[in-house]
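> Starting from these lines, generate the structure:
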Amino acid sequence: MDFDFNRLKELTEMSGVPGYEDRIRALVRDELEASTDSVRIDAMGNVVGTIEGSSDYEVAVAAHMDEIGFMVRHVSEEGFLQLDALGGWDPSVLKAQRVTVHAEDGDYTGVIGSVPPHTLTEEQRKKEMKVEDVHVDLGLDGETVEENISVGDLVTMEQTTVEMGDHITGKALDDRVCLFAMLEAAERIENPDVTIHFAATVQEEVGLRGAQALGVDLDPDLALGLDTTVANDVPGFKPADYVTQLGEGAGIKLKDSSAIANPKVHRRLRNVAEENDINYQMELLPAGGTDTGGFQNTYGAKPVGAISMPTRYLHTVTESVHKEDVDAYIDLLTAFLTSETGEFDYTL
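Numbers count the residues shown, from 1 in each chain. Down below sits the predicted model:
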């Protein structure tokens with residue numbers, strides 16, 4: 001690996017659900033203060049580190065800080081917690097998982113309960129699981145839980161990030177791996193021709209809200225979204241449905257549900273990759289959106305593109321990326337930004 005795994009590990013293991021990105025924001029702010037000319041935080045919590053260029057042309061790159069998680073919606077008399085989802089969850093992946101409950105006086109470890117399968121009735125076996133049916137067991141009596149946990153407290157999955165063969169796996173790689181790549185690029189870039197705004201956005205997982213607000217505040221000439229994408233290159237899928245494949249390089253986005261990339265932007269991304277011998281693959285995502293869509297038509301039409309990180313098992317605690325794709329991603333982002341002069345014509 002040509003990158004700092006421990007830095008990526010720290011970013012992915014940090015908590016930060018939509019609207020409550022405080023801990024990850026503090027970490028990102030410190031990182032950007034060390035590598036950019038100025039850093040500011042807006043009223044929503046977006047963090048922007050800016051490297052001033054020699055021209056008036058401005059480029060914004062955006063990676064979101066928030067991870068999918070939960071908010072406590074009910075505390076039972078027996079001390080069990082019921083949850084409300086923050087972001088998109090498949091309830092079937094939640095059984096028997098360990099979680100962290102973030103209360104006012106500190107963090108509590110809990111587990112999502114799962115009844116032994118041999119005790120289930122036929123009706124219980126057939127019942128479709130919902131997030132609302134999940135209960136968190138803190139290992140404490142009801143009175144203690146009621147004293148310490150409140151409706152509105154936050155819950156994140158408790159998981160470590162580890163190397164696994166050629167892969168890296170853990171929670172919140174969506175989108176901390178791209179946030180990591182952005183921070184790495186910010187460190188590598190000096191004296192660019194254009195002003196570059198490195199934006200760590202909030203509330204992407206609940207509707208691209210941070211990027212939409214930030215697009216108005218920044219009003220860049222060009223915007224680039226940085227996010228994970230589907231890699232369905234696993235048993236049960238046909239090759240046409242893979243979207244991307246691990247180990248084949250950084251993804252250059254053509255479209256998703258939120259945006260169609262500007263053709264001239266994605267062509268230049270491809271040219272930059274080929275000129276610098278960086279592995280890449282074209283990405284066409286049939287469903288799902290990114291901060292790219294938040295910038296595309298905010299405060300007027302903007303040329304936008306996106307670099308995508310091929311990721312298996314998205315929105316689970318075992319999200320997985322390939323080490324070589326991470327290297328390619330950082331290299332492509334850095335090469336694209338350092339070669340941007342503000343003189344490329346992205347009009348159609």
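
> Report the contact partners of G210.
Counting by Cβ atoms under 8 Å, 6 or more residues apart in numbering, G210 makes contact with 44-46, 64, 66, 201-204, 291, 294. Backbone N, C-alpha and C define where each C-beta goes, glycine included.

> now, which of those residues lie within strands?
Here DSSP state E is the test, and the contacts of G210 give 64, 201 as lying in strands.

> From the contacts of G210, which land in helices?
Counted as lying in helices by DSSP state H, out of those, are 291, 294.

> Out of the contacts of G210, show me where the pLDDT dips lowest.
The pLDDT minimum for the contacts of G210 sits at G294, where the score is 86.

> just checking, that residue touches V216?
No. Between G294 and V216 there is no contact under Cβ atoms under 8 Å: 10.2 Å.

> neighbour-wise, which of those two wins?
Per other Cβ atoms under 10 Å, whichever of G294 and V216 has more neighbours is G294, with 28 against 11.

> Tell me how far the more buried one lies from A231.
Distance, G294 to A231, using Cβ to Cβ, to the nearest Å: 23 Å.

> any weak-confidence spans in this protein?
Scanning the chain for pLDDT under 70 picks out the ranges 117, 124, 299.

> what's the helix or strand for the residue nearest to the spatial centre of it?
Closest residue to the average C-alpha location of the chain: D175 at 1.6 Å, with Cα atoms, centre = their mean. D175 belongs to helix 173-188 when elements are defined using DSSP states H and E.

> Could you break the protein into its assigned domains?
Domain assignment for the chain by automatic domain parsing gives 5-67+171-338, 69-157.

> so of those domains, which one's packed in deepest?
domain 5-67+171-338 (a mean of 21; mean count of other Cβ atoms under 10 Å).

> Quote the end-to-end distance of it.
End-to-end distance for domain 5-67+171-338, by Cα to Cα, to the nearest Å: 24 Å.

> and V28, which of the three is it?
helix (DSSP: H, G, I helix; E, B strand; the rest coil).

> Quick check, it in contact with A186.
No. If you go by Cβ under 8 Å, V28 and A186 don't touch, sitting 10.4 Å apart.

> which stretches of this structure form helices?
Secondary structure of the chain (DSSP H): helices at 5-13, 22-35, 122-126, 142-148, 173-188, 209-218, 263-275, 291-296, 323-338.

> residues touching the closest residue to R209 other than its chain neighbours, list them.
Leaving aside its sequence neighbours, R209 sits nearest to Q203 (Cβ to Cβ, 6 or more residues apart in numbering; 4.0 Å). When contacts are counted by Cβ under 8 Å, 6+ apart, Q203 is found next to 18-19, 44, 64, 66, 209-210.

> And those, which is closest to E248?
Nearest to E248 among those: H64, at 23.8 Å, using Cβ to Cβ.

> do you know how far that closest one is from D175?
Distance from H64 to D175, counting by Cβ to Cβ: 5 Å.
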